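Asker: predicted model and sequence below, questions to follow.
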Amino acid sequence: MTEPAAPARNPLSESDTGLARVLEDLIDVLITRGHIQFTDLPQAAQVKLLERRQTRANLAHRLDLLPGERDSDLI
């Protein structure tokens with residue numbers, strides 16, 4: 001029996017996640033420095049950015065709940 005062929009690698013698709021994060025960071029810098037306002041962005045972009053910020057905040061909160069090295073002397 002032959003194994004199914006592995007899906008072809010697509011370097012552009014593989015870099016999309018990283019590029020999305022770069023663009024989010026760029027938008028944050030532009031807003032922080034006063035070059036653009038959040039409301040200058042299209043409504044759909046505002047919604048997407050707010051959703052991603054909320055998701056990241058939720059994930060960060062979950063990670064904070066995990067015991068870490070800094071908590072080791074509490075036990």
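Answerer: That came in fine, so what should we check first?

Asker: got a list of what Leu49 touches?
Answerer: Leu49 sits next to Glu24, Ile27, Phe38, Leu41 when contact means Cβ atoms under 8 Å, 6 or more residues apart in numbering. Placement of C-beta: from N, CA and C, glycine included.

Asker: and for Gln46?
Answerer: When contacts are counted by Cβ under 8 Å, 6+ apart, Gln46 touches Phe38, Thr39.

Asker: switch to 7 Å and redo it
Answerer: Residues in contact with Gln46, defined by Cβ atoms under 7 Å, 6 or more residues apart in numbering, are Phe38.

Asker: alpha carbons only: can I get the helix or strand in which it is found in CSV?
Answerer: Per DSSP states H and E, Gln46 falls inside helix 43-65. Extracted as CSV, the C-alpha positions of helix 43-65 are listed here (Å, rounded to 0.1, in the frame of the first residue of the first chain):
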residue,chain,number,x,y,z
GLN,A,43,-16.0,49.0,10.7
ALA,A,44,-15.2,45.4,9.7
ALA,A,45,-11.6,45.9,10.5
GLN,A,46,-12.5,47.5,13.9
VAL,A,47,-14.6,44.5,14.7
LYS,A,48,-12.0,42.0,13.7
LEU,A,49,-9.2,43.8,15.7
LEU,A,50,-11.4,44.0,18.8
GLU,A,51,-12.3,40.3,18.5
ARG,A,52,-8.6,39.4,18.2
ARG,A,53,-7.6,41.6,21.2
GLN,A,54,-10.3,40.0,23.3
THR,A,55,-9.2,36.5,22.3
ARG,A,56,-5.6,37.3,23.2
ALA,A,57,-6.7,38.8,26.5
ASN,A,58,-8.7,35.6,27.3
LEU,A,59,-5.7,33.4,26.4
ALA,A,60,-3.3,35.5,28.5
HIS,A,61,-5.7,35.3,31.4
ARG,A,62,-5.9,31.5,31.1
LEU,A,63,-2.1,31.3,31.0
ASP,A,64,-1.9,33.5,34.2
LEU,A,65,-4.0,30.9,36.0
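
Asker: where's the residue sitting nearest the centre point of the chain relative to Asp28, distance?
Answerer: Centroid-nearest residue in the chain, with Cα atoms, centre = their mean: Arg21, separated by 5.2 Å. Distance of Arg21 to Asp28, computed by Cβ to Cβ, to the nearest Å: 11 Å.
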